[in-house]
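Chemist: Here's my sequence, what's the structure:
(chains A and B)
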Amino acid sequence: MSSKSVKLPIIAFPSTAELVPEPVGLVLVISSWNFPFGLSLEPLIGAIAAGNVVVIKPSELAPASAAVLAETIPSYLDNKAIKVIQGGPSVCQQLLQLKWDKIFFTGSAEVGRTVMAAAAKHLTPVIMELGGKCPAIVDSLSSSWDRQMAMKRIIGGKFGTCAGQACIGIDYILTEKKFAPILVEQIKVLMKNIFGENPVEAKSMARIVNKHHFLRLKQLLDDPLVKSSIVVGGSLDENHLFIEPTVLVDPPLNAPIMKEEIFGPLLPIITLDIIEESIDFIKDRPKPLTIYAFTKNRRLRQRLISETSSGSVTFNDTIVQYAADTMPFGGVGESGFGRYHGKFSFDAFTHEKAIANRNFLTDFWFRLPPWSDYKLQLFKSVYRFDYLSLLLITLGLKKSWS
Amino acid sequence: MVTGAMTSLKLLSIHQLHISAAAVHSTSTSTSRGKQALRKSSWSDKEVPLPIPLPLAAGAQLKLTRLVSFPRHQIQRFWNWSNWSASASVSDLIMAEEELEKKLDAGGLVKDLRECFNTGKTKSLEWRVAQLKSIAKMLDDKEKDIMAALYQDLSKPQHESFISEISLTKASCKLALKELKRWIMPEKVKTPMTTMPSSAEIVSEPLGVVLVISTWNYPFLLSLDPVIGAIAAGNAVVLKPSEIAPATSSLLAKLLEEYLDSAAIRVIEGAVAETSALLEQKWDKIFYTGSGRVGRIVMTAAAKHLTPVILELGGKNPAVVDSDVNLQVTARRIIAGKWGCNSGQACISPDYLITTKAFAPKLIDALRSELEGFFGGDPMESNDMSHIVNLHHFTRLSKLMDEDKVYDKIIVGGQRNENQLKIAPTIFLDVPEDSLIMEEEIFGPLLPILTVKNLEDAFAVINSRAKPLTAYLFTNNKELKKDFVNKISSGGIVINDTILHVTVSTLPFGGVGESGMGSYHGKFSFDAFSHKKAVLYRSFKGESSMRYPPYTPEKLRLLKALIGGNIFSIILALIGRSKD
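Modeler: The predicted structure follows:
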């Protein structure tokens, strides 16, 4: 919250300059249904820390969470400055007609476009936390410890995070043809250990949020070519809105399951001849929120960082980058823009005001009309920070400028 | 020849179709007869009924709908361009139309630039440095041409051109060259205990293909400064300079093609049609300098592709003047910031002054005498001031001056010359707050002074309006300075001077609220066109199963303790005991 003092060139002496952070004012936070508490409260914390007044619009697709937020927040926080407004698309539309000082949106690209277009009418800056198909590159790991570790993390990162309904969840895996069978075997073994025989009863996995999304996911598997590529799982329980952790190997690349963000417990494994092909594969597609890579190959890591673009890159693990609050969390391109977490949250809801403080003692008299060549020469030397020439010209010892 | 005519005919609306069809008809017979046919038709926009056989029109399979709308004056320009009555040539017409068609293929342009970007060329440090060095050389070589173009567009005095456009651009370029190696280094960051063992860094990478739309008042600086930032960050750039400053626009097009890598950096000239065509494309970032009205259009277009934008807009920049100041220096600085800056046509010019009723007469006297010192007894004769950019803005400013409740408040100046597009430095005293001149951004050499009883009342006046780009305060009172900084929200604040903050490369330059979003200058330019990618390195060692199902109460306890960071509770949880 304290202002930051800023360096000035010598010529500006004795002026001072600083950056003063100030709240933007009135903030609207629109959050999503998959992590309804986290995605509502994390931006709220940033907005409050920056000194703003906040309205949260939690997702209506997670009504119980929205109701709890609406009940608890007024009893813990200043009701005059922080409000929760529940409702669906029509409520959201009404909110978007108003003039906000910043809008923070977490959700799909489609709704993101509507939010940004509405914000444009009032010139409201926005942060868009969207999604994408986050790939996980799995290199041919030789050590079985490494393999186990990698697969545990992948399974945890895919199926253990809201059953794959997470923006930073793994969407699909890229691996070498020769390694794929080993991968699948490992997954089968670990799956049983982690989720048990009956995940519904064991309550070890979340369910699909609603019928609409359940049917959407079911439809992804309807394509016969896709169905035939299932190697693990594949059963759907419509009553419980539960889909068994499912793994597919090489579904067709033009099928919807490989074109849109899956956002569910279906894990395609795409096989390549050599792992380096994964870089081109990723480059040919829209920029994702995160890229995961399980590899010890330094060169591959380097190439991945410099040749692909994504919100972030995480090596040898999944999801944990969310907890690293020294790292900015946000997307690029189709996966969004703007960032938060840690101090970035504070900055997201802050306007850094530039203050330049001059005094009356010194003056650049030659910046004022009427113009003459002499003044021009003085100016040229000031801009080049050529203090010697400045002195010489003033003393009349330097006439022409080369 | 005929097929060429066919393609270009697709672009014309129906009444021009008649004329061109006659041209097509005549080429198939003889050129001289074609010239005759053309001469017979009048060059107005009315439909010219020429005897065109219908089968010809049908056979041509012409699209009669407008694919792209051309402003009338552009078509007129091409008609007038070659002297039809002397040496009219149909091929000239077709060539001109195809030229237009080529320029407006915005989709193809973006595709080419993306392909270039994907080769990785613009990412290399060598390429960026080479381009920046070229810009620096261009500024040195072509200084005279640049000043001439600026004079042609705005009657900008040579010295003003140098001070406010060329030197700032040069400084920006030199800073980028000096610091680029440091800016592109990844930034190492600490990692918290929750992700231990790990290491992390933030890597700056270019966004891709960016669009810079610039404006007419500082056409050179406001085009090149963002382009320098975009190049430094490693992007491919398209620059769309303002058509209201045509000489600078065409000079930029010429120079950038000559000095820079046109596979990655292009200039597209034009007006509304071209800008609209460009805005329909998907860019990785759009940087717009201009008015709030068009800013909304730009952001709405960007929303379709979820393109992040930086909007450098304007506002009514207030300047509050206290009575304990050095009057002469204050007056000089206000004049430099207002009339020394493109005749007040600058987004950072002080728009209006606020001072106390008691102090106003002294301030006005000081301004009057300093103005005389700068521009002479008759400012209309002085060559040291820019002109109003065009008739439209001249008329707009005249309207502001002529409003009934404002006209009698003029205390200095008021002269104007429509032929020369000149307005003298004009000061108003105590115009009503609901007058036109206090409603919109003035952007001209008119300066209203509002008086208040106590200076603290000025805060209410300023805060009742939209947030400006800059707020100015002239005072020696420390408390007032602190109060001002705390209570006034604006893009930036300058105390005891005007406009100089744009020369400080360590300060971000940008607005807030109605005055814009995003900022640039110095390293902020580099950041503006970069994506800061977070990279986290984890190892395969050091694993605990508590993250994964099956979930047990013990795992939950340990997790809570770990995230809480309390070493004692971690130990307790590890050995199986804990508070909950």
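Chemist: for residue B:447, what are its contacts?
Modeler: Shown in contact with residue B:447 (C-beta atoms under 8 Å, 6 or more residues apart in numbering or on different chains): B:338, B:344, B:350, B:352-353, B:425-428. Yep, even glycine has a C-beta here, placed from its N, CA and C like the rest.
Chemist: what helix or strand does it sit in?
Modeler: Per DSSP states H and E, residue B:447 falls inside strand B:446-452.
Chemist: same question, residue A:352
Modeler: For residue A:352, the host element (DSSP H and E) is strand A:350-357.
Chemist: Chain B contacts on the stretch 201-350 of chain A?
Modeler: Contact residues (C-beta under 8 Å from any C-beta of the partner chain) of the stretch 201-350 of chain A with chain B: A:202-205, A:283, A:305-307, A:309-317, A:320-321, A:323-329, A:332-334, A:336-339.
Chemist: what residue lies at the spatial centre of the chain?
Modeler: Chain wasn't specified; assuming chain A. Among the residues of chain A, residue A:330 comes closest to the average C-alpha position under C-alpha atoms, centre = their mean, at 2.1 Å.
Chemist: just checking, that one touches residue A:129?
Modeler: Yes: if you go by C-beta atoms under 8 Å, residue A:330 and residue A:129 touch, sitting 6.5 Å apart.
Chemist: PyMOL command for the buried members of the residues of the stretch 201-350 of chain A next to chain B?
Modeler: Filtering these down to the buried ones (16 or more other C-beta atoms under 10 Å in any protein chain shown) takes a single PyMOL command:
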select buried, chain A and resi 204+205+305+309+310+311+312+313+314+315+316+317+320+321+323+324+325+326+327+328+329+332+333+334+336+337+338+339
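Chemist: tell me the SS of the residue nearest to residue A:332 when sequence neighbours are not counted?
Modeler: Of all residues not flanking residue A:332 in the chain, residue B:531 sits nearest, at 4.4 Å (C-beta to C-beta, 6 or more residues apart in numbering or on different chains). With DSSP: H, G, I helix; E, B strand; the rest coil as the basis, residue B:531 sits in strand.
Chemist: Thought residue B:234 was touching residue B:531, still the case?
Modeler: No: if you go by C-beta under 8 Å, residue B:531 and residue B:234 don't touch, sitting 10.4 Å apart.
Chemist: what residues are shared contacts of these two?
Modeler: Common neighbours of residue B:531 and residue B:234, using C-beta under 8 Å, 6+ apart, are B:205-206.
Chemist: Just give the closest residue to residue A:238, not the sequence neighbours.
Modeler: residue A:214 (6.6 Å).
Chemist: and the strand or helix carrying that neighbour, what does it pack onto?
Modeler: Using DSSP H and E, residue A:214 falls within helix A:211-222. Under the contact criterion of 3 or more C-beta pairs under 8 Å, 6 or more residues apart in numbering or on different chains; DSSP states H and E, helix A:211-222 touches strand A:236-237, strand A:242-243, helix A:256-259, strand A:266-272.
Chemist: Enumerate the residues of the stretch 101-250 of chain B near chain A.
Modeler: Going by C-beta under 8 Å from any C-beta, the residues of the stretch 101-250 of chain B near chain A are B:118, B:120, B:123, B:157-160, B:162-163, B:167, B:170-171, B:189-192, B:194-195, B:198, B:200, B:202-203, B:205, B:207-208.
Chemist: Just list the residues touching the residue nearest to residue B:360 when sequence neighbours are not counted, thanks.
Modeler: Leaving out its chain neighbours, the residue that sits closest to residue B:360 by C-beta to C-beta, 6+ apart is residue B:451, at 4.9 Å. By C-beta under 8 Å, 6+ apart, the contact set of residue B:451 is B:354-357, B:360, B:429-430.
Chemist: gap between whichever helix or strand residue A:72 is part of and the chain center?
Modeler: Applying DSSP H and E as the criterion places residue A:72 in helix A:63-76. In this view, helix A:63-76 has its centroid 25 Å away from the chain centroid, taken as C-alpha atoms, centre = their mean, to the nearest Å.
Chemist: What mean pLDDT does it get?
Modeler: Average pLDDT, helix A:63-76: 95.
Chemist: helices or strands up against that helix?
Modeler: Against helix A:63-76 (3+ C-beta pairs under 8 Å, 6+ apart) you get strand A:82-84.
Chemist: quick one: the residue in the stretch 51-200 of chain B that chain A sits nearest to and residue A:379, what's the gap?
Modeler: Nearest to chain A in the stretch 51-200 of chain B, going by C-beta to the nearest C-beta, is residue B:159, at a distance of 3.6 Å. Distance, residue B:159 to residue A:379, by C-beta to C-beta, to the nearest Å: 8 Å.
Chemist: any low-confidence regions in the chain?
Modeler: Just so you know, I chose chain A. Counting by pLDDT under 70, chain A shows low-confidence ranges at A:9-14, A:363-368, A:382-387, A:397-402.
Chemist: meant chain B actually
Modeler: For chain B (pLDDT under 70), the answer is B:1-103, B:542-546, B:565, B:576-580.
Chemist: quick one: terminal-to-terminal distance for stretch A:322-332?
Modeler: Stretch A:322-332 has an end-to-end distance of 16 Å (C-alpha to C-alpha, to the nearest Å).
Chemist: Secondary structure element holding residue 181?
Modeler: Using chain A. Using DSSP H and E, residue A:181 falls in helix A:180-195.
Chemist: oops, chain B please
Modeler: Taking DSSP H and E as the definition, residue B:181 sits inside helix B:167-183.
Chemist: Then residue A:43?
Modeler: Per DSSP H and E: helix A:38-49 holds residue A:43.
Chemist: can you give me the strands for the stretch 101-250 of chain B?
Modeler: For the stretch 101-250 of chain B, strands defined by DSSP state E, counting those that start in this stretch occupy the ranges B:187-189, B:198-206, B:209-213, B:236-240.
Chemist: what does the longest one contact?
Modeler: Outside strand B:198-206, the residues that touch it by C-beta under 8 Å, 6+ apart are A:305-306, A:309, A:317, A:320, A:324, A:326-328, B:117, B:122-123, B:183-184, B:186-191, B:233-235, B:526-527, B:529-539.
Chemist: got a list of what residue 242 touches?
Modeler: Let's take chain A. A:199-200, A:205, A:207-208, A:236.
Chemist: Can you look at chain B instead?
Modeler: By C-beta under 8 Å, 6+ apart, the residues touching residue B:242 are B:214-216, B:219, B:249, B:290.
Chemist: if you set the cut-off to 7 Å instead, what comes out?
Modeler: Counting by C-beta atoms under 7 Å, 6 or more residues apart in numbering or on different chains, residue B:242 makes contact with B:214-216, B:219, B:249.
Chemist: now do residue A:307
Modeler: A:279, A:283.
Chemist: got the contacts of residue A:242 as JSON lines, with secondary structure columns?
Modeler: Formatted as JSON lines, the contacts of residue A:242 follow (three-state DSSP):
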{"residue": "A:199", "secondary structure": "helix"}
{"residue": "A:200", "secondary structure": "helix"}
{"residue": "A:205", "secondary structure": "coil"}
{"residue": "A:207", "secondary structure": "coil"}
{"residue": "A:208", "secondary structure": "coil"}
{"residue": "A:236", "secondary structure": "strand"}
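Chemist: ok, those vs residue B:261, which is closest?
Modeler: Nearest to residue B:261 among these is residue A:208, at 50.6 Å by C-beta to C-beta.
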